[in-house]
Structure formats: structure tokens, C-alpha cells
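I need the structure of the sequence given here:
(chains A, B, C and D)
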2 protein chains.
Amino acid sequence: MVRHVTSDTPRPALTRDRIVDAAVALIEREGADALSMRRVAAELDVAVMSLYNHVPNKTALLEGVAEHIVAGLDLQDDPAAPWQDGARALVRAFRKVAHDNPRCMTIVFTHKIDSAAGLRPMERALALADAAGFDGGTAVRIMRALLAYAIGAQMREFGMEKMLGHLAETGAKSWNHLDPVAFRHVIAYGPELAAHDPETDFEFGLDLLIAALEALPRRGAEGPGSGTG
Amino acid sequence: MVRHVTSDTPRPALTRDRIVDAAVALIEREGADALSMRRVAAELDVAVMSLYNHVPNKTALLEGVAEHIVAGLDLQDDPAAPWQDGARALVRAFRKVAHDNPRCMTIVFTHKIDSAAGLRPMERALALADAAGFDGGTAVRIMRALLAYAIGAQMREFGMEKMLGHLAETGAKSWNHLDPVAFRHVIAYGPELAAHDPETDFEFGLDLLIAALEALPRRGAEGPGSGTG
DNA sequence: AGCGCGGACGTACGGTGTACGTCTCACGTA
DNA sequence: TACGTGAGACGTACACCGTACGTCCGCGCT
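Sure thing, here's the model as predicted:
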């Protein structure tokens, strides 16, 4: 089952990176529940306990997965562009990795990320807010609000998909049993609720936040209506 | 170990509700990882397999936990108050249950909720947006944006706490190894980042969203500056 | 009294994370 | 070339997990 001869087929050395990559691939292919140390080991054609030479435990592996995902954020910067564009690009970059690695996101959101790679998006957001002319405390709060929206929009979308998928399975029968007066708005807005366009929803909320930021006081611009700065 | 005589101590009948309650208590006391069917059964002084007479499987139990938490939202309505207050109250209600059941929230956010109780907050948000004069499509999108922020703010806060807790353990040594030019903003804003006031952060983002909503066109009010309506 | 049935329970199986000890092999040194 | 050494791949073992299946008891019916 496992090879003992080095010259046979010299598979690449076992590495933390290769383990994390295999875990990510496995999660995206079969879902987070399917991830186990044994499955990852099988994926790499390696014995289970060999993994523990490179990863202290399963939690650390999951943290590695989370770190790997956020490290994949595309943080290109166009210093000439107005800060609004930069902010949009940052949040959209978040959304892009979520779109590309949907089944890893619950792991990303539920594990700590303490490596430098995990701080890069934070640095980027703070740099943007600083360049836009917001003071330090405000910059930090803006960064947190944008991050909250980016995370929440993704979580909500996944949750909605799960619920809609479930409704599709059950033929939406429970939907018809809703108390028509207690839930009259849900029922009345049925078409709008069913017309689920994640892209538009996401941009709608992002526009709200950016618009609100534009109205905030900044250095050298005490309020709205003073150009890009 | 388990009693056979009814008249001995007539413990209350085993019920889905009691099982869910025990699960919530266990999670809040020892964390979501500590939850297992065996632990829940022990909590109720009952055999493991007895649980399966009331809950089809563990996932369903977790969905029940999520449902129980959302059902605990305090959705009082003051129809006389301006819609801004109603929206704030709704999002704050969300935050309150998150504050009261912190360790259950990851379960809430990662499981579907298809019962009527889970739709009540949605109904409330749509009713508010409708009363405020937004059209159907906008009302739905507003509801989604607010929900996204409510979810994300909580997730971000938990993640931050986990990270800060980890930094406290390790003595923040990794923080000092940051590249001082690549992370100059993170380093410069260290004090603001360390001064972690969840309440202020939360209200800051909420204010941003509400302010942006006020600037949106509505029925009978084409923009800002036309009173409460 | 007899019967049926819902629900509590025990057993058992396949799977999981990981502690611990072993064994192999590449490499620095004599 | 011979040898010690240390890193890392590996097997075994254990406690725990979710849950399929079968049993059995006590209550409410006829």
C-alpha cells in the first residue's frame, strides 16, 4: 500500500503546504464534513500519522486552510484611483475568493488567522482609509464595518442557498403553511425573495456603505461635496 | 444507571424541546466542539438512543439549536417610532441574542433554518422597509444588507476575540515580527486596533447603513430631508 | 384480560483524532 | 569507508463519535 523504495517513484516530499492544498481540494470537492486526517492522508498516498510531522493537529490544519484562502486575496492597488474604487475592489476581492472556494468559507470564518498573510487585507483597508483622509480611529472602524459586511454577505448568501435548496427538495410545501397575516410581507414579497441575484444584492449593500463613507468627515474635506480628495 | 420504575422520580417526559435546551446549555457551557449525542444524553440522564425518538440525527438537532436561538429574538414593535429606530432595534435584537449565546452563533450561521420562527425577523425587516416607503425589490435588498451586516459584525467580533485571545497567550510575539513597511498601517494603528470596543464598532457600522438608507428614494419622499414620513 | 404500540434502551459497527513507539534512511564526522 | 544521529514516515492502539437495528416495558385501547 505504501512504498518503501526511494528510487521507485520519488513523490515530492511531504510538506505542510502540500497537506493544506490537499485539504482545500478535498473540501471543495466533497464538502467540509468529508475532511478527515485519514482522507487527507489517502489523498496524498501517505500514512495518517505522517501528517502529524507537519501539522500539530486537525484544528491547526483547518487554520492553515483558512490562512491559505485569505492569502489568495487579490489585493492589487491602483494608487491613482479614488479611494472608493479601492474600497470596492477590496471587498470584491473578498467576494471573489468566497466564490472560488465556497465550501471552505465556513472554515475561514470559524477559525482564527494569525499569520501575516491574514493581516494583509486589514493593512490594505487601513491604508485605503488613511489615504482617503479618515483619522485613525475612524479608519479602524471603517475597516471593521467593511469586513463585517464582506463576511456577512457571504454567510447570508450561503445560508440562503442552503435554505432554498432545502425548499426545492421539499417542494416548498412548508412555505404555503405560513400564517398569512403574521407573514404577510414575506408572502407578498415572495417573487422578490425568490429572485435571488447574489451579485446585485452584494453590490447594493456595498454601495450603501460606500455612500455612507462619502458622507463622513475627513481630513481636508469636512463633508460631502468636495470632490475626490 | 438508568431508572426503570416510573414512580421513583418521575422526571419530565423526554421531548425535542428539552433535548434542544440541553444542547444549547451544553454548547454555551463547554463550546460547540463538546456537543455530542452522548454528552446531551448524559445531560438529560437518558440513554443515547432515546434521543433519536425525537430528533432524526445530529444535524437536525443542530438545526433545532439554530432555530431556538433565532426564535429568541426580541422583536417588539413600536409602530409610532420612525422606521430608523425600528431598523436599529431589529439589528440590535440580533446582536443581543448573539451576545447572550455567543458559542451557539457559529451553529446558527452554518445551519439552515426553515421553520416559521426563523422567518419572523425577515418578516419584521420587510414590514419595516415597507412602512418606511421603500418599494418591494428595495425592501428585500435592504433586509438582506442589514442581515448581512448583523451576521458579519458578530462573526468578525468573535474572530477578533479568538485572535486576540491567541495573541494574549503567545505574548503577542508574532505581532512584533511584522514587516514594518508592508504592515505600516497595522502597526501605526496598533492602539486603535487594540482598543477593541465591540459596542462602538457595531453602532458605527449600523449608523453607516441607516444613514445610507435615509438617502435612498422612497414612496412619497424622493430623497433625504423630508421628515420621518 | 388481552392486545398493540410508542418510546426508552442496549448492543454493535464503522469511522474519527491522535498518543506512542518503531523503523528506515540520508547525512555529518572520523 | 564506517558509524552515530536525528528527522520523518509509519503501524498500532485507544477513547470517542454517530447511528442502524432489535428488544422490551408500560400505557391505553377493546
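
And what about the closest residue to chain B within chain A, helix, strand or coil?
Here the residue of chain A nearest chain B is A:G152; by Cβ to the nearest Cβ that distance is 2.4 Å. The C-beta positions use only the backbone N, C-alpha and C, and glycine is treated the same way. Classification of A:G152 using DSSP: H, G, I helix; E, B strand; the rest coil returns helix.

where's the residue nearest to A:A132 when sequence neighbours are not counted relative to A:P121, distance?
Spatial nearest neighbour of A:A132, excluding adjacent residues (Cβ to Cβ, 6 or more residues apart in numbering or on different chains): A:W83 at 3.7 Å. Here the criterion is Cβ to Cβ, to the nearest Å. By it, A:W83 lies 16 Å from A:P121.

Likewise for A:D135?
Remark: distance between A:D135 and A:P121 (Cβ to Cβ) = 21 Å.

who has more neighbours, the two?
A:P121 (22 against 13; other Cβ atoms under 10 Å in any protein chain shown).

What is the burial count for A:A182?
The burial count for A:A182: 13, using other Cβ under 10 Å.

right, I mislabeled it, should have said A:L213
Counted with other Cβ under 10 Å, A:L213 comes out at 22.

got the contact list for it?
A:84, A:87, A:132, A:142, B:208 (Cβ atoms under 8 Å, 6 or more residues apart in numbering or on different chains).

Next up, the contacts around the closest residue to the fourth one other than its chain neighbours.
So that's A:I142. Closest residue in space to A:I142, ignoring its immediate chain neighbours: A:A129 at 4.8 Å, by Cβ to Cβ, 6+ apart. Applying Cβ under 8 Å, 6+ apart to A:A129 gives the contacts A:83, A:138-140, A:142-143.

Who wins on neighbours among those?
Neighbour max across those (other Cβ under 10 Å) = A:M143, 28 neighbours.

Contact partners for the residue lying closest to it once chain neighbours are set aside?
Spatially, and ignoring its direct neighbours in sequence, A:M143 is nearest to A:A125 (3.9 Å; Cβ to Cβ, 6+ apart). Taking Cβ under 8 Å, 6+ apart, we find A:A125 in contact with A:87, A:90, A:139, A:142-143, A:146-147.

pLDDT below threshold where in chain A?
A:1-11, A:168-175, A:220-229 (pLDDT under 70).

Name the helix or strand for the spatially most central residue of it, please.
The structure's chain A has its C-alpha centroid closest to A:A98; by Cα atoms, centre = their mean the separation is 4.3 Å. Per DSSP states H and E: A:A98 is located in helix A:83-100.

in stretch A:88-104, what counts as buried?
Neighbour-count burial for stretch A:88-104, counted by 16 or more other Cβ atoms under 10 Å in any protein chain shown, picks out A:88-91, A:93-95, A:97-98, A:101, A:103-104.

How about stretch A:22-35?
A:22-24, A:26-27, A:32, A:35.

again, but for stretch A:198-210
Under 16+ other Cβ under 10 Å, the buried positions of stretch A:198-210 are A:198, A:201-206, A:208-210.

Output the residues you listed in JSON lines; the columns should cover distance to DNA strand D.
JSON lines is the format used below for the buried residues of stretch A:198-210 (distance: Cβ to the nearest atom of the strand, whole Å):
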{"residue": "A:P198", "distance to DNA strand D": "30"}
{"residue": "A:D201", "distance to DNA strand D": "33"}
{"residue": "A:F202", "distance to DNA strand D": "34"}
{"residue": "A:E203", "distance to DNA strand D": "39"}
{"residue": "A:F204", "distance to DNA strand D": "38"}
{"residue": "A:G205", "distance to DNA strand D": "36"}
{"residue": "A:L206", "distance to DNA strand D": "38"}
{"residue": "A:L208", "distance to DNA strand D": "41"}
{"residue": "A:L209", "distance to DNA strand D": "39"}
{"residue": "A:I210", "distance to DNA strand D": "44"}
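
how about the closest residue in space to A:R218 that isn't next to it in sequence, phi and psi?
Using Cβ to Cβ, 6+ apart and skipping the chain neighbours, the partner closest in space to A:R218 is A:G133 (3.6 Å). With angles defined as degrees, to the nearest 10, A:G133 sits at phi 100, psi 10.

wait, isn't A:G133 in contact with A:R219?
Yes. Using Cβ atoms under 8 Å, A:G133 is in contact with A:R219, at 4.1 Å.

of these two, who's got more company?
Neighbours were counted for A:G133 and for A:R219 using other Cβ under 10 Å; A:G133 has more, 16 against 12.

Compute the inter-axis angle for the helix or strand hosting A:E199 and helix B:198-214.
Taking DSSP H and E as the definition, A:E199 sits inside helix A:198-214. Counting by axes from the mean of the first three to the mean of the last three Cα atoms, to 10 degrees, helix A:198-214 lies at 100 degrees to helix B:198-214.

From the chain's centroid, how far away is helix A:198-214?
17 Å (Cα atoms, centre = their mean, to the nearest Å).

residues touching A:V91, list them.
A:146, A:149-150, A:206.

and of those residues, the nearest to DNA strand C?
A:A150 (28.8 Å; Cβ to the nearest atom of the strand).

separation between the spatially closest residue to that closest one that is not a sequence neighbour and B:D130?
Distance criterion Cβ to Cβ, 6+ apart; nearest residue to A:A150, sequence neighbours excluded, is A:F94 at 4.2 Å. For A:F94, the distance to B:D130 (Cβ to Cβ) stands at 31 Å.

same check, this time on A:E63
44 Å.

who's more crowded, the two?
A:E63 (22 against 19).

you'd agree that one is up against A:K112?
Yes. Using Cβ under 8 Å, A:E63 is in contact with A:K112, at 6.4 Å.

What values do phi and psi take at A:T110?
Dihedral angles (degrees, to the nearest 10) for A:T110: phi -120, psi 20.

hmm, back to that, and the buried residues of stretch A:22-35, which is closest to DNA strand C?
A:L35 (6.6 Å).

Touching, the closest one and A:A25? I think so.
No. With contacts counted by Cβ under 8 Å, A:L35 stays clear of A:A25, the gap being 10.3 Å.

OK, contacts around A:T15?
A:H54.

And A:T138, by the same measure?
A:129, A:216.

just A:V108 next, same as before
A:65-66, A:69-70.

and if we set it to 10 Å?
Residues in contact with A:V108, defined by Cβ atoms under 10 Å, 6 or more residues apart in numbering or on different chains, are A:62-63, A:65-70, A:97-98, A:101, A:118, A:151, A:154, B:159.

got it, and A:D100?
So A:D100 contacts A:28, A:69, A:72 (Cβ under 10 Å, 6+ apart).

and the helix or strand harbouring the second one with DNA strand D, contact?
In this case it means A:I69. Applying DSSP H and E as the criterion places A:I69 in helix A:58-71. No. Counting by Cβ under 7 Å from any atom of the strand, DNA strand D is not contacted by helix A:58-71; separation bottoms out at 12.8 Å.
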